[in-house]
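S.K.: Predicted structure and sequence below. I'll ask about it afterward.
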Amino acid sequence: METELFVRYGPSLLYGFGITILCWLAGSIGGVIVGFVLACLNRWGPRVVSWVIYIYVEIIRGTPFMIQLFILYYGGPYIGLVLTPVQAGILSFVVYGSPYFAEIFRSGFNAIPKGQIEAARCVGLPETRILWRIILPQMLVPITAPLTNFFIILTKETAILSVVTVPELLFQTQTMAAETFTFVEPFLVLSLFYWLMVLVTGWIGTKVEQRVTRHLKRA
């Protein structure tokens, strides 16, 4: 392995890694927020809203992420939505991730025994108190593993952002390979970066699940 190549291209690779983390974190957090709102509207909103959410979820889950990215980046200007590559990458993650997160939250809502919710309503608790005091604390345990798994999926989906010239890790690695005519070493290092991201994400998810479980047992 030619280490001098990585000394020369190290700043570019680190910059690409930073862009990868930015798109992943911002897109994932946005997807979680939108997905939670969708799940709440689907559960407590009007019936017509539930149907709209159902159609949105099915369309996004039924189309590839790359196509959604192309539509946002190249089709957006036709409706006045002009985005930089990084903005398109983050927004595409929000759009792509929110239906999956919404379904994860929906399964968490359904995991709570209906008797507990009915008892809370009988004593006069408002729906917001029921959500924050009864539903959310108990649903965190069953949804932590699915959330972690989808966060891991999104870490690897960041590689697709290079097709719209987002200067993330894969884009920088391809540039390095094209300029130096070396392919094995750069992509081995690229695989190591992604492996470390997945490893850290899985470790954080496990720790969160263990901590929530201990908290619920004490409560």
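M.R.: Right, received. Where do you want to start?
S.K.: When you work out contacts or count neighbours from here on, use the C-alpha atoms and nothing else.
M.R.: OK.
S.K.: Find the centremost residue of the protein, please.
M.R.: Nearest to the mean C-alpha position of the chain, by C-alpha atoms, centre = their mean, lies Ser28 at 3.2 Å.
S.K.: residue ranges for the helices of this protein, please.
M.R.: Using DSSP state H, the helices found in the chain span residues 3-44, 47-61, 65-70, 85-110, 114-122, 127-130, 136-157, 169-180, 184-218.
S.K.: which ones are touching the residue nearest to the centre of the chain?
M.R.: By C-alpha atoms under 8 Å, 6 or more residues apart in numbering, the contact set of Ser28 is 93-94, 97, 151, 154.
S.K.: What of Ile152?
M.R.: 198, 201-202.
S.K.: follow-up on the earlier one: Throw the helices of the chain into a markdown table and include mean pLDDT and distance to Pro77, thanks.
M.R.: Formatted as a markdown table, these follow (pLDDT from 0 to 100; distance: least, C-alpha to C-alpha, whole Å):
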| stretch | mean pLDDT | distance to Pro77 |
| --- | --- | --- |
| helix 3-44 | 91 | 21 |
| helix 47-61 | 94 | 20 |
| helix 65-70 | 95 | 12 |
| helix 85-110 | 94 | 11 |
| helix 114-122 | 83 | 46 |
| helix 127-130 | 81 | 39 |
| helix 136-157 | 90 | 24 |
| helix 169-180 | 89 | 23 |
| helix 184-218 | 87 | 32 |
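S.K.: deepest of those helices, which one?
M.R.: helix 85-110 (a mean of 23; mean count of other C-alpha atoms under 10 Å).
S.K.: Which strands or helices does that one pack on?
M.R.: In terms of contacts (3 or more C-alpha pairs under 8 Å, 6 or more residues apart in numbering; DSSP states H and E), helix 85-110 is packed against helix 3-44, helix 47-61, helix 65-70, helix 136-157.
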